[in-house]
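Novice: Next come a sequence and a model predicted from it.
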Amino acid sequence: MPKAQSGFKKLSREINLSVIGQYVDYLVEKQGVKNIFVNGTTGEGLSLSISERRRVAEEWVTKGRNKLDQVVIHVGALSLKESQELAKHAAEIGADGIAVIAPFFLKPQDKDDLIAFLKEVAAAAPALPFYYYHIPALTGVKIRAEELLDGIQEKIPTFQGLKFSDTDLLDFGQCVDQNRQRQFAFLFGVDEQLLSALVMGATGAVGSTYNYLGQKTNQMLEAYERKDLSSALNYQFCIQRFINFVVKLGFGVSQTKAIMTLVSGIPMGPPRLPLQRASKEFIDNAEAKLKSLGFLSLTDLKNGNLETSS
Ligand SMILES: CC(=O)N[C@@H]([C@@H](O)[C@H](O)[C@H](O)CO)[C@@H](O)CC(=O)C(=O)O
(Lines give C-alpha, C1' and ligand atoms only; values in the text may rest on other atoms or scores of the structure.)
Protein backbone atom coordinates (compact mmCIF):
# COMPACT_ATOMS: atom_id res chain seq x y z
CA MET A 1 0.00 0.00 0.00
CA PRO A 2 2.09 2.91 -1.15
CA LYS A 3 1.83 6.53 -0.55
CA ALA A 4 -0.18 8.69 -2.83
CA GLN A 5 1.63 11.65 -4.22
CA SER A 6 -0.56 14.42 -5.40
CA GLY A 7 1.82 16.10 -7.84
CA PHE A 8 2.47 19.83 -7.74
CA LYS A 9 2.67 22.07 -10.77
CA LYS A 10 6.25 22.95 -11.44
CA LEU A 11 6.41 26.69 -10.92
CA SER A 12 3.29 27.64 -9.05
CA ARG A 13 3.50 24.85 -6.48
CA GLU A 14 -0.21 24.40 -7.02
CA ILE A 15 -1.61 20.90 -7.04
CA ASN A 16 -1.73 19.25 -10.43
CA LEU A 17 -4.68 16.89 -10.42
CA SER A 18 -4.18 16.00 -14.06
CA VAL A 19 -1.34 13.53 -13.35
CA ILE A 20 -3.25 11.41 -10.85
CA GLY A 21 -5.06 9.24 -13.41
CA GLN A 22 -1.80 8.51 -15.18
CA TYR A 23 -0.16 7.78 -11.85
CA VAL A 24 -2.87 5.28 -10.87
CA ASP A 25 -2.10 3.32 -14.06
CA TYR A 26 1.63 3.51 -13.39
CA LEU A 27 1.28 2.16 -9.84
CA VAL A 28 -1.00 -0.67 -10.88
CA GLU A 29 0.80 -1.70 -14.05
CA LYS A 30 4.46 -1.01 -13.27
CA GLN A 31 4.68 -1.31 -9.50
CA GLY A 32 1.95 -3.86 -8.77
CA VAL A 33 0.47 -1.53 -6.15
CA LYS A 34 -3.31 -1.32 -5.80
CA ASN A 35 -3.86 0.22 -2.37
CA ILE A 36 -3.35 3.93 -1.92
CA PHE A 37 -2.97 6.11 1.15
CA VAL A 38 -3.87 9.67 0.14
CA ASN A 39 -2.86 13.01 1.71
CA GLY A 40 -0.41 11.47 4.17
CA THR A 41 3.21 12.46 4.76
CA THR A 42 4.52 11.87 1.25
CA GLY A 43 1.45 13.50 -0.29
CA GLU A 44 2.10 16.56 1.93
CA GLY A 45 -1.48 16.39 3.16
CA LEU A 46 -0.80 18.71 6.09
CA SER A 47 0.61 21.36 3.74
CA LEU A 48 -2.60 21.50 1.72
CA SER A 49 -5.70 23.55 2.35
CA ILE A 50 -8.90 21.70 3.22
CA SER A 51 -10.34 22.41 -0.18
CA GLU A 52 -7.19 21.05 -1.88
CA ARG A 53 -7.30 17.92 0.25
CA ARG A 54 -10.90 17.34 -0.77
CA ARG A 55 -10.07 17.72 -4.45
CA VAL A 56 -7.04 15.41 -4.27
CA ALA A 57 -9.09 12.76 -2.44
CA GLU A 58 -11.88 13.01 -5.01
CA GLU A 59 -9.46 12.62 -7.89
CA TRP A 60 -7.85 9.48 -6.42
CA VAL A 61 -11.20 7.88 -5.70
CA THR A 62 -12.55 8.74 -9.16
CA LYS A 63 -9.49 7.73 -11.13
CA GLY A 64 -8.92 4.64 -9.02
CA ARG A 65 -12.43 3.27 -9.51
CA ASN A 66 -12.32 -0.30 -10.92
CA LYS A 67 -8.51 -0.15 -10.91
CA LEU A 68 -7.50 0.12 -7.26
CA ASP A 69 -8.49 -2.18 -4.40
CA GLN A 70 -8.57 0.44 -1.66
CA VAL A 71 -8.18 4.19 -1.30
CA VAL A 72 -7.70 5.30 2.30
CA ILE A 73 -7.76 9.03 2.95
CA HIS A 74 -5.71 10.63 5.68
CA VAL A 75 -8.01 13.22 7.32
CA GLY A 76 -5.91 14.24 10.34
CA ALA A 77 -5.73 17.97 11.08
CA LEU A 78 -5.03 20.28 14.00
CA SER A 79 -8.65 21.36 14.06
CA LEU A 80 -11.17 18.71 15.05
CA LYS A 81 -13.79 20.40 12.90
CA GLU A 82 -11.60 20.28 9.79
CA SER A 83 -10.78 16.67 10.46
CA GLN A 84 -14.48 15.84 10.80
CA GLU A 85 -15.26 17.71 7.60
CA LEU A 86 -12.64 15.69 5.73
CA ALA A 87 -13.87 12.43 7.26
CA LYS A 88 -17.43 13.18 6.20
CA HIS A 89 -16.21 14.11 2.75
CA ALA A 90 -14.22 10.85 2.43
CA ALA A 91 -17.43 8.92 3.18
CA GLU A 92 -19.42 10.95 0.66
CA ILE A 93 -16.99 10.32 -2.19
CA GLY A 94 -16.83 6.58 -1.55
CA ALA A 95 -13.36 6.18 -0.02
CA ASP A 96 -12.57 2.82 1.58
CA GLY A 97 -11.29 4.14 4.89
CA ILE A 98 -9.92 7.09 6.81
CA ALA A 99 -6.77 7.54 8.84
CA VAL A 100 -5.86 10.16 11.42
CA ILE A 101 -2.59 11.31 13.01
CA ALA A 102 -2.42 12.77 16.51
CA PRO A 103 -2.95 16.55 16.60
CA PHE A 104 0.55 17.90 17.03
CA PHE A 105 0.44 21.57 18.11
CA LEU A 106 -1.78 21.60 21.17
CA LYS A 107 -1.04 17.96 21.88
CA PRO A 108 -3.05 15.29 23.68
CA GLN A 109 -1.44 14.75 27.07
CA ASP A 110 -2.35 11.10 27.40
CA LYS A 111 -4.11 8.19 25.76
CA ASP A 112 -7.55 9.33 26.92
CA ASP A 113 -7.13 12.79 25.33
CA LEU A 114 -6.03 11.23 22.08
CA ILE A 115 -8.85 8.69 22.01
CA ALA A 116 -11.37 11.46 22.71
CA PHE A 117 -10.14 13.33 19.61
CA LEU A 118 -9.99 10.26 17.37
CA LYS A 119 -13.44 9.16 18.48
CA GLU A 120 -15.02 12.44 17.38
CA VAL A 121 -13.37 12.22 13.96
CA ALA A 122 -14.39 8.59 13.47
CA ALA A 123 -17.98 9.45 14.42
CA ALA A 124 -18.16 11.88 11.49
CA ALA A 125 -17.81 8.90 9.11
CA PRO A 126 -19.56 6.10 11.02
CA ALA A 127 -19.60 3.68 8.09
CA LEU A 128 -15.90 3.97 7.22
CA PRO A 129 -13.10 1.80 8.61
CA PHE A 130 -10.87 3.94 10.82
CA TYR A 131 -7.07 3.73 11.10
CA TYR A 132 -4.83 5.47 13.61
CA TYR A 133 -1.69 6.81 11.92
CA HIS A 134 1.13 6.54 14.46
CA ILE A 135 4.10 8.68 13.41
CA PRO A 136 5.62 10.02 16.65
CA ALA A 137 8.83 11.36 15.10
CA LEU A 138 6.79 13.87 13.09
CA THR A 139 3.88 14.58 15.45
CA GLY A 140 5.94 14.63 18.65
CA VAL A 141 3.09 12.69 20.30
CA LYS A 142 4.84 9.78 21.99
CA ILE A 143 1.83 7.91 23.36
CA ARG A 144 2.61 4.25 22.76
CA ALA A 145 0.44 2.57 20.16
CA GLU A 146 0.12 -0.52 22.33
CA GLU A 147 -1.43 1.62 25.08
CA LEU A 148 -3.75 3.37 22.64
CA LEU A 149 -5.07 0.10 21.23
CA ASP A 150 -6.04 -1.23 24.65
CA GLY A 151 -9.86 -1.14 24.62
CA ILE A 152 -10.03 1.10 21.53
CA GLN A 153 -12.91 -0.76 19.87
CA GLU A 154 -15.22 0.03 22.77
CA LYS A 155 -14.54 3.73 22.16
CA ILE A 156 -14.25 3.67 18.38
CA PRO A 157 -16.42 0.88 16.94
CA THR A 158 -15.13 1.50 13.40
CA PHE A 159 -11.50 1.03 14.44
CA GLN A 160 -9.89 -1.13 11.78
CA GLY A 161 -6.19 -0.88 12.37
CA LEU A 162 -2.96 0.91 12.81
CA LYS A 163 -0.56 2.54 10.39
CA PHE A 164 2.66 2.26 12.39
CA SER A 165 5.42 4.59 11.16
CA ASP A 166 7.93 4.12 13.95
CA THR A 167 11.01 1.98 14.55
CA ASP A 168 9.93 0.74 18.00
CA LEU A 169 9.40 -2.93 17.23
CA LEU A 170 8.66 -3.68 20.89
CA ASP A 171 5.65 -1.37 20.72
CA PHE A 172 4.63 -2.76 17.32
CA GLY A 173 5.04 -6.39 18.42
CA GLN A 174 2.94 -5.77 21.51
CA CYS A 175 0.18 -4.17 19.41
CA VAL A 176 -0.01 -7.42 17.46
CA ASP A 177 0.43 -9.74 20.43
CA GLN A 178 -2.23 -8.10 22.59
CA ASN A 179 -4.81 -8.01 19.81
CA ARG A 180 -4.53 -11.49 18.33
CA GLN A 181 -8.22 -12.13 18.89
CA ARG A 182 -9.19 -9.08 16.86
CA GLN A 183 -9.14 -8.69 13.11
CA PHE A 184 -7.06 -5.49 13.11
CA ALA A 185 -4.86 -4.44 10.20
CA PHE A 186 -1.27 -3.76 11.25
CA LEU A 187 0.25 -1.66 8.49
CA PHE A 188 3.95 -1.02 8.89
CA GLY A 189 5.46 2.27 7.71
CA VAL A 190 9.24 1.93 7.99
CA ASP A 191 10.08 0.44 4.63
CA GLU A 192 13.68 -0.47 5.47
CA GLN A 193 12.47 -2.64 8.39
CA LEU A 194 9.42 -4.23 6.79
CA LEU A 195 10.71 -7.80 6.91
CA SER A 196 11.24 -7.59 10.68
CA ALA A 197 7.71 -6.23 11.05
CA LEU A 198 6.31 -9.09 8.94
CA VAL A 199 7.87 -11.53 11.35
CA MET A 200 6.15 -9.62 14.19
CA GLY A 201 2.79 -9.94 12.44
CA ALA A 202 2.42 -6.93 10.14
CA THR A 203 -0.52 -7.51 7.80
CA GLY A 204 0.51 -4.88 5.24
CA ALA A 205 2.76 -1.92 4.58
CA VAL A 206 2.33 1.76 3.81
CA GLY A 207 5.40 3.64 2.71
CA SER A 208 6.93 6.20 0.42
CA THR A 209 9.38 3.88 -1.32
CA TYR A 210 6.59 1.63 -2.64
CA ASN A 211 5.96 4.38 -5.17
CA TYR A 212 9.13 3.28 -6.95
CA LEU A 213 10.20 0.04 -5.24
CA GLY A 214 6.72 -1.49 -5.14
CA GLN A 215 7.65 -4.32 -7.47
CA LYS A 216 10.78 -5.15 -5.52
CA THR A 217 8.88 -5.07 -2.23
CA ASN A 218 6.18 -7.32 -3.67
CA GLN A 219 8.91 -9.81 -4.53
CA MET A 220 10.04 -9.68 -0.90
CA LEU A 221 6.47 -10.23 0.29
CA GLU A 222 6.04 -13.18 -2.05
CA ALA A 223 9.30 -14.75 -0.85
CA TYR A 224 8.16 -14.29 2.76
CA GLU A 225 4.76 -15.84 1.97
CA ARG A 226 6.37 -18.95 0.53
CA LYS A 227 8.64 -19.09 3.60
CA ASP A 228 11.78 -18.41 1.56
CA LEU A 229 13.38 -16.26 4.25
CA SER A 230 16.76 -16.20 2.61
CA SER A 231 15.37 -14.61 -0.57
CA ALA A 232 13.16 -12.26 1.43
CA LEU A 233 16.20 -11.10 3.37
CA ASN A 234 18.13 -10.54 0.16
CA TYR A 235 15.33 -8.30 -1.13
CA GLN A 236 15.18 -6.40 2.16
CA PHE A 237 18.95 -5.89 2.21
CA CYS A 238 18.86 -4.66 -1.36
CA ILE A 239 16.12 -2.14 -0.49
CA GLN A 240 18.08 -1.15 2.60
CA ARG A 241 21.18 -0.49 0.51
CA PHE A 242 19.27 2.12 -1.45
CA ILE A 243 17.56 3.70 1.58
CA ASN A 244 20.80 3.72 3.56
CA PHE A 245 22.52 5.47 0.66
CA VAL A 246 19.92 8.22 0.24
CA VAL A 247 19.49 8.74 4.00
CA LYS A 248 23.18 9.65 4.16
CA LEU A 249 22.64 12.23 1.41
CA GLY A 250 19.64 13.73 3.23
CA PHE A 251 16.33 12.04 2.49
CA GLY A 252 12.82 13.30 3.01
CA VAL A 253 9.59 14.11 1.17
CA SER A 254 11.30 16.41 -1.39
CA GLN A 255 13.83 13.75 -2.31
CA THR A 256 11.10 11.10 -2.48
CA LYS A 257 9.17 13.22 -4.97
CA ALA A 258 12.26 13.65 -7.13
CA ILE A 259 12.89 9.89 -7.17
CA MET A 260 9.24 9.24 -8.00
CA THR A 261 9.55 11.60 -10.96
CA LEU A 262 12.79 9.99 -12.05
CA VAL A 263 11.52 6.43 -11.94
CA SER A 264 7.94 6.91 -13.15
CA GLY A 265 8.60 9.62 -15.73
CA ILE A 266 5.50 11.39 -14.39
CA PRO A 267 6.24 14.93 -13.16
CA MET A 268 5.54 15.23 -9.45
CA GLY A 269 6.60 18.86 -9.29
CA PRO A 270 8.42 20.46 -6.38
CA PRO A 271 7.28 20.15 -2.79
CA ARG A 272 5.39 22.98 -1.14
CA LEU A 273 7.23 25.44 1.11
CA PRO A 274 8.82 25.24 3.61
CA LEU A 275 10.24 22.17 1.87
CA GLN A 276 12.77 22.86 -0.88
CA ARG A 277 13.14 20.77 -3.97
CA ALA A 278 15.85 18.09 -4.09
CA SER A 279 19.21 19.17 -5.49
CA LYS A 280 20.51 18.04 -8.87
CA GLU A 281 23.43 16.43 -7.04
CA PHE A 282 21.02 14.32 -4.95
CA ILE A 283 19.07 13.24 -8.02
CA ASP A 284 22.21 12.30 -9.95
CA ASN A 285 23.52 10.25 -7.04
CA ALA A 286 20.17 8.56 -6.43
CA GLU A 287 19.86 7.71 -10.11
CA ALA A 288 23.33 6.15 -10.21
CA LYS A 289 22.52 4.09 -7.12
CA LEU A 290 19.17 2.93 -8.49
CA LYS A 291 20.93 1.79 -11.65
CA SER A 292 23.76 0.04 -9.84
CA LEU A 293 21.24 -1.89 -7.73
CA GLY A 294 19.26 -2.85 -10.83
CA PHE A 295 16.22 -0.80 -9.74
CA LEU A 296 16.29 1.39 -12.83
CA SER A 297 17.28 0.63 -16.37
CA LEU A 298 18.08 3.12 -19.10
CA THR A 299 14.81 2.32 -20.84
CA ASP A 300 12.90 3.33 -17.70
CA LEU A 301 14.26 6.83 -17.94
CA LYS A 302 12.24 9.24 -19.94
CA ASN A 303 13.50 12.55 -21.18
CA GLY A 304 12.79 15.63 -19.17
CA ASN A 305 11.56 13.95 -16.06
CA LEU A 306 14.13 15.37 -13.68
CA GLU A 307 13.28 17.89 -10.97
CA THR A 308 16.26 19.89 -9.91
CA SER A 309 16.97 22.90 -7.80
CA SER A 310 18.12 26.01 -9.57
C1 LIG B 1 8.73 9.62 7.92
C2 LIG B 1 8.29 9.03 6.61
O3 LIG B 1 8.17 9.76 5.65
N4 LIG B 1 8.06 7.75 6.60
C5 LIG B 1 7.60 7.06 5.39
C6 LIG B 1 8.47 5.87 5.08
O7 LIG B 1 8.00 5.25 3.94
C8 LIG B 1 9.92 6.32 4.86
O9 LIG B 1 9.99 7.28 3.83
C10 LIG B 1 10.79 5.14 4.47
O11 LIG B 1 10.69 4.13 5.44
C12 LIG B 1 12.26 5.57 4.31
O13 LIG B 1 12.82 5.89 5.57
C14 LIG B 1 6.16 6.60 5.56
O15 LIG B 1 5.98 5.97 6.80
C16 LIG B 1 5.26 7.82 5.47
C17 LIG B 1 3.94 7.49 4.98
O18 LIG B 1 3.51 6.37 5.02
C19 LIG B 1 3.11 8.58 4.41
O20 LIG B 1 3.50 9.17 3.39
O21 LIG B 1 2.06 8.85 4.98
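Specialist: Sure thing, it's come through.
Novice: List the contacts of F282.
Specialist: 246, 249-250, 255, 258 (C-beta atoms under 8 Å, 6 or more residues apart in numbering). All C-beta spots, glycine's among them, are computed from the backbone N, C-alpha and C.
Novice: For the residues you listed, which single residue is the most surrounded?
Specialist: Highest neighbour count within those, by other C-beta atoms under 10 Å: A258, with 26 neighbours.
Novice: The closest residue to that residue other than its chain neighbours: what secondary structure?
Specialist: Using C-beta to C-beta, 6 or more residues apart in numbering and skipping the chain neighbours, the partner closest in space to A258 is A278 (3.8 Å). At A278 the chain is in coil, as set by DSSP: H, G, I helix; E, B strand; the rest coil.
Novice: Am I right that T256 sits in a helix?
Specialist: Yes: counting by three-state DSSP, T256 falls inside a helix.
Novice: so who does it touch?
Specialist: 5, 42, 208-209, 211.
Novice: How about I152?
Specialist: 115, 132, 159.
Novice: pretty sure the first one contacts Q153?
Specialist: No: using C-beta atoms under 8 Å, I115 makes no contact with Q153, being 11.1 Å away.
Novice: overlap in contacts of the two?
Specialist: Joint contacts of I115 and Q153 (C-beta under 8 Å, 6+ apart) do not exist.
Novice: So for the two, which residue has more residues nearby?
Specialist: It is I115, of I115 and Q153, that has more neighbours when counted by other C-beta under 10 Å, with 22 against 13.
Novice: What sits closest to that one if chain neighbours are left out?
Specialist: K155 (5.2 Å).
Novice: Now do the one you found against A124, distance only.
Specialist: According to C-beta to C-beta, to the nearest Å, K155 and A124 sit 15 Å apart.
Novice: what about the strands in the stretch 151-300 of the chain?
Specialist: 159-164, 185-188, 204-205 (DSSP state E, counting those that start in this stretch).
Novice: Make JSON lines from these and add mean pLDDT and distance to the ligand to it.
Specialist: Shown next, in JSON lines, are those (pLDDT from 0 to 100; distance: least, C-beta to the nearest ligand atom, whole Å):
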{"stretch": "strand 159-164", "mean pLDDT": "98", "distance to the ligand": "7"}
{"stretch": "strand 185-188", "mean pLDDT": "98", "distance to the ligand": "8"}
{"stretch": "strand 204-205", "mean pLDDT": "98", "distance to the ligand": "9"}
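Novice: Tell me which of those strands is the most buried.
Specialist: strand 159-164 (a mean of 25; mean count of other C-beta atoms under 10 Å).
Novice: wait, what's in contact with the one residue in the stretch 51-200 of the chain that gets nearest to the ligand?
Specialist: Here the residue of the stretch 51-200 of the chain nearest the ligand is G189; by C-beta to the nearest ligand atom that distance is 3.2 Å. By C-beta under 8 Å, 6+ apart, the residues touching G189 are 135, 163-166, 205-207.
Novice: Now G173: closest residue in space, sequence neighbours ignored.
Specialist: Nearest one to G173, counting by C-beta to C-beta, 6+ apart, is M200 at 4.5 Å.
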